[in-house]
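*Asks:* dropping the sequence and predicted coords here.
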Amino acid sequence: MRTAVVTGAAGGIGAAVCDHLESVGWDVVAIDRLPSERRGALQIDVSDEAAIARMLPALPRADGLVNNAALQLYKPLSETGTEEWDELQRVNVRGPWLCTQALLPQLAANGGAVVNVASVHAVATSLAMGAYATTKGGLVAFTRAAALELAERGVRVNAVVPGGIDTPALRAGFARRSDAEARLVAQTPLRRIGSPRDVATLVAFLLDSSQSGFITGASIPVDGGVLAKLSSE
């Protein structure tokens, strides 16, 4: 059975990815810094280099890695503290690098794939999202670089770029203004909010070399058409 390691698996997109992968026949190792009741789950902070180096190489098999764990910060750059900035960098950028590095021998041995969960904020962002946008832009750049370097070892690396997906983080954002949800729907060409499963099905496709074996270095939006639309319209 193919095995996928999924970080940030306790809720939202990560939980949906785990559920969908299991439904299509993958064994899943769920990782989160929060405790989980999912079978075989590991409680690890992806920014903890020692824990990653100790626990991930010890896994008996890895055919896929989904770097989904992330923190979000809603604060103007002028008010962002050094520790806040560094914490987002540690989790959102260093974490995927550490996990990819730790699992590379298993992934290379099995012709595996890495999928990084980025964000539309990597491409076009909003006020007070500067620190988060910086990390997601870095994750997209990491995706391209890793795809080039790991191709010779038979490992593919791609990114998904979600837009407005119905997660606790999005709902928390809606709480900042009463018309936020209606505005998002109105400005999305497909006129709806995405579901975590919309992302999970694309992740599964990108992990499966029988379906996406000639795709690497790509960053694919799952945003209902938001990035296709000129902001000046």
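*Replies:* Now that the structure is in, tell me what you want to look at. Numbers count the residues shown, from 1 in each chain.

*Asks:* pLDDT weak spots in the chain?
*Replies:* For the chain, applying pLDDT under 70 flags no range at all.

*Asks:* residue boundaries of the helices in it?
*Replies:* Counting by DSSP state H, residue ranges of the helices within the chain are 12-23, 49-55, 82-89, 95-109, 130-150, 168-174, 180-187, 196-207, 209-212.

*Asks:* in TSV, list these along with mean neighbour count and distance to V29.
*Replies:* (C-beta placed from N, C-alpha, C; glycine too.) Shown next, in TSV, are the helices of the chain (neighbours: other CB atoms under 10 Å; distance: least, CB to CB, whole Å):
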stretch	mean neighbour count	distance to V29
helix 12-23	22	9
helix 49-55	15	10
helix 82-89	14	24
helix 95-109	21	10
helix 130-150	20	20
helix 168-174	15	23
helix 180-187	14	33
helix 196-207	22	13
helix 209-212	13	19
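
*Asks:* would you list these in a markdown table and tack on distance to V161?
*Replies:* Formatted as a markdown table, the helices of the chain follow (distance: least, CB to CB, whole Å):
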| stretch | distance to V161 |
| --- | --- |
| helix 12-23 | 12 |
| helix 49-55 | 25 |
| helix 82-89 | 18 |
| helix 95-109 | 14 |
| helix 130-150 | 7 |
| helix 168-174 | 15 |
| helix 180-187 | 16 |
| helix 196-207 | 10 |
| helix 209-212 | 16 |
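
*Asks:* so which residue is smack in the middle of this structure?
*Replies:* What sits nearest the mean C-alpha location of the chain, by CA atoms, centre = their mean, is V117, with 2.0 Å.

*Asks:* could you check how far it is from L202?
*Replies:* When distance is defined by CB to CB, to the nearest Å, V117 is 10 Å away from L202.

*Asks:* any common contacting residues for the two?
*Replies:* Counting by CB atoms under 8 Å, 6 or more residues apart in numbering, the contacts common to V117 and L202 are V160.

*Asks:* quick check: bridge partners of the closest residue to I220 other than its chain neighbours?
*Replies:* Nearest non-adjacent residue to I220, counting by CB to CB, 6 or more residues apart in numbering: V160, 5.7 Å away. Counting by DSSP bridges, V160 forms beta bridges with V117, I220.

*Asks:* could you export stretch 63-81 as CSV, CA atoms only?
*Replies:* Extracted in CSV, the C-alpha atoms of stretch 63-81 (Å, rounded to 0.1, in the frame of the first residue of the first chain):
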residue,chain,number,x,y,z
ASP,A,63,5.5,7.4,-1.3
GLY,A,64,4.1,10.9,-0.9
LEU,A,65,4.5,14.0,1.2
VAL,A,66,1.9,16.8,1.6
ASN,A,67,3.4,19.9,3.2
ASN,A,68,0.2,21.5,4.5
ALA,A,69,1.0,22.7,8.0
ALA,A,70,0.9,26.5,8.2
LEU,A,71,0.3,29.5,10.4
GLN,A,72,-1.5,32.7,9.3
LEU,A,73,-1.1,36.2,10.7
TYR,A,74,-3.5,39.1,10.1
LYS,A,75,-1.4,42.2,11.0
PRO,A,76,0.2,45.1,9.1
LEU,A,77,3.9,44.7,8.3
SER,A,78,4.6,47.8,10.4
GLU,A,79,3.1,46.1,13.5
THR,A,80,4.5,42.6,12.9
GLY,A,81,7.0,41.6,15.6
